[in-house]
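**Student:** Okay, predicted coordinates and the sequence, questions at the end:
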Amino acid sequence: MALQTQTTEGKVIAPAQTAAIWKTFWILLILTGIEFAIAFTMPNNHYRVAIFSTMTIVKAFFIVGEFMHLKNEVKILIWAVLFPVITIAWLLVALLLEGGAH
Amino acid sequence: MSEIHAPAVPENLTWTGGSEPMKASYGKLMMWFFLLSDTFTFSALLVTYGMIRFSNNAYTGAFEKFYFSTTHWPVPDKVFSALPFLHGVQAPLIFVGIMTFILIFSSVTMVLAVEAGHRGDRADVEKWMLWTILGGFTFLGSQAWEWSHFIHGPELALAAKDATGNAIDGANLVRNPYGPPAFADLFFFITGFHGTHVFSGVILNILIFFNAATGVYERRGHYEMVEKVGLYWHFVDLVWVFVFTFFYLV
């Protein structure tokens, strides 16, 4: 459907490129669906928490990478955002484990 | 005899008005760093939740026999199991699942608006911004219902008992019929702080829609404001993904 549309002023508007956006949407929806299935079938234990945490990070990866276009930014910007977040994630895990959450 | 002298400092290392560090505009870069600082705030709330939760007793019995008590942390499936208009029907996590879907979907319509902005397609930007605003309001409405249901509390026969043995009627910051008072406090603070973000996001989205509809961005020649507010809106969605996992699932 590479049809171009023209506005009344005669400006040419390129066709929409939305395939990647919808693909990301389906990935997020399916991952959430799997989380639901696990919530209802698996007993609550450390493995379940680990699975949920991993899937949440995977979802975050798609939202930040695709929807927020961080993938397309320059490397230094990607790391300027990612490095503090990774450090904070380490701090969260460290505080919880040292605090006796196991 | 004209000789071209190289400047003392190479051009790529100067931050004169025209250059773009990290190949992003000032506004976009600042939005990223603002979101980073907001991440710290939400991380603080998350670790607070973790510490308070694990310093309380966990419920160790069978899932079917679970009961609300101030002496153990509630199982989320048992707290968030109601649906609007379906009183008494046990549907654990279904409503919050619908809320998650609404927010992810409004993130999709937002990214479609950004994409339309790149093409300079004003009609499409307007259309997708309207859908995003609608999604935001639907989410806020759902959250209002969720709060009202939570504050109202479960039926008295099921509610936790206070120190004198009476059933606790309704939740607020000092009493909670579902479990320890801290559970209600964390629920109000975390979902409330996130809801405030959604609310400001909806206001920003309305502004963007208004500007797009009145041709402000068309005259400006680009739709970068849609992209910047889009970053904020996706971040709000991202935070909900974490709240959903750590408050409702784990």
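**Tutor:** Looks like it arrived, so ask away.

**Student:** for chain A, what spans make up the helices?
**Tutor:** With DSSP state H, the ranges of helices along chain A come out as A:19-41, A:46-62, A:75-98.

**Student:** Between those, which one is closest to B:Leu140.
**Tutor:** helix A:19-41 (20.0 Å; CB to CB). Using the backbone N, CA and C atoms, a C-beta is placed for each residue, glycine as well.

**Student:** So which elements touch the closest one?
**Tutor:** Contacts defined by 3 or more CB pairs under 8 Å, 6 or more residues apart in numbering or on different chains; DSSP states H and E place helix A:19-41 against helix A:46-62, helix B:94-118.

**Student:** same for the next helix or strand after the last one, what does it pack against?
**Tutor:** Past helix B:94-118, further along toward the C-terminus, the next helix or strand under DSSP states H and E is helix B:122-152. For helix B:122-152, the elements it packs on are helix B:94-118, helix B:181-213, helix B:216-220, helix B:224-243, judged by 3+ CB pairs under 8 Å, 6+ apart.

**Student:** still on that earlier bit, can you tell me which of the helices and strands packed on helix A:19-41 is most buried?
**Tutor:** helix B:94-118 (a mean of 22; mean count of other CB atoms under 10 Å in any protein chain shown).

**Student:** quick one: average pLDDT of that one?
**Tutor:** What helix B:94-118 shows for mean pLDDT is 93.

**Student:** Is it in proximity to chain A?
**Tutor:** Yes - using CB under 8 Å from any CB of the partner chain, a contact is recorded between helix B:94-118 and chain A, made by B:Gly97, B:Thr100, B:Phe101, B:Ile104, B:Phe105, B:Ser107, B:Val108, B:Met110, B:Val111, B:Leu112, B:Glu115, B:Ala116.

**Student:** Name all residues that make contact with the fifth one.
**Tutor:** In this case it means B:Phe105. B:Phe105 is in contact with A:Phe25, B:Gly135, counting by CB atoms under 8 Å, 6 or more residues apart in numbering or on different chains.

**Student:** if you set the cut-off to 6 Å instead, what comes out?
**Tutor:** Shown in contact with B:Phe105 (CB atoms under 6 Å, 6 or more residues apart in numbering or on different chains): B:Gly135.

**Student:** Same list (the helices of chain A) but as JSON lines, adding distance to B:Arg220.
**Tutor:** As requested, the helices of chain A are exported to JSON lines (distance: least, CB to CB, whole Å):
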{"stretch": "helix A:19-41", "distance to B:Arg220": "24"}
{"stretch": "helix A:46-62", "distance to B:Arg220": "31"}
{"stretch": "helix A:75-98", "distance to B:Arg220": "24"}
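
**Student:** Let me have those in CSV, extended by mean pLDDT.
**Tutor:** Listed next are these as CSV, based on pLDDT from 0 to 100:
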stretch, mean pLDDT
helix A:19-41, 90
helix A:46-62, 91
helix A:75-98, 92
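
**Student:** hang on, the earlier thing: tabulate the helices and strands packed on helix B:122-152 (CSV), appending distance to B:Phe139.
**Tutor:** Formatted as CSV, the helices and strands packed on helix B:122-152 follow (distance: least, CB to CB, whole Å):
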stretch, distance to B:Phe139
helix B:94-118, 5
helix B:181-213, 6
helix B:216-220, 26
helix B:224-243, 8
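
**Student:** out of those helices, which comes closest to B:Gly27?
**Tutor:** B:Gly27 lies closest to helix B:224-243 among these, at 5.3 Å (CB to CB).

**Student:** Give the other helices and strands that that closest one contacts.
**Tutor:** helix A:46-62, helix B:26-55, helix B:94-118, helix B:181-213 (3 or more CB pairs under 6 Å, 6 or more residues apart in numbering or on different chains; DSSP states H and E).
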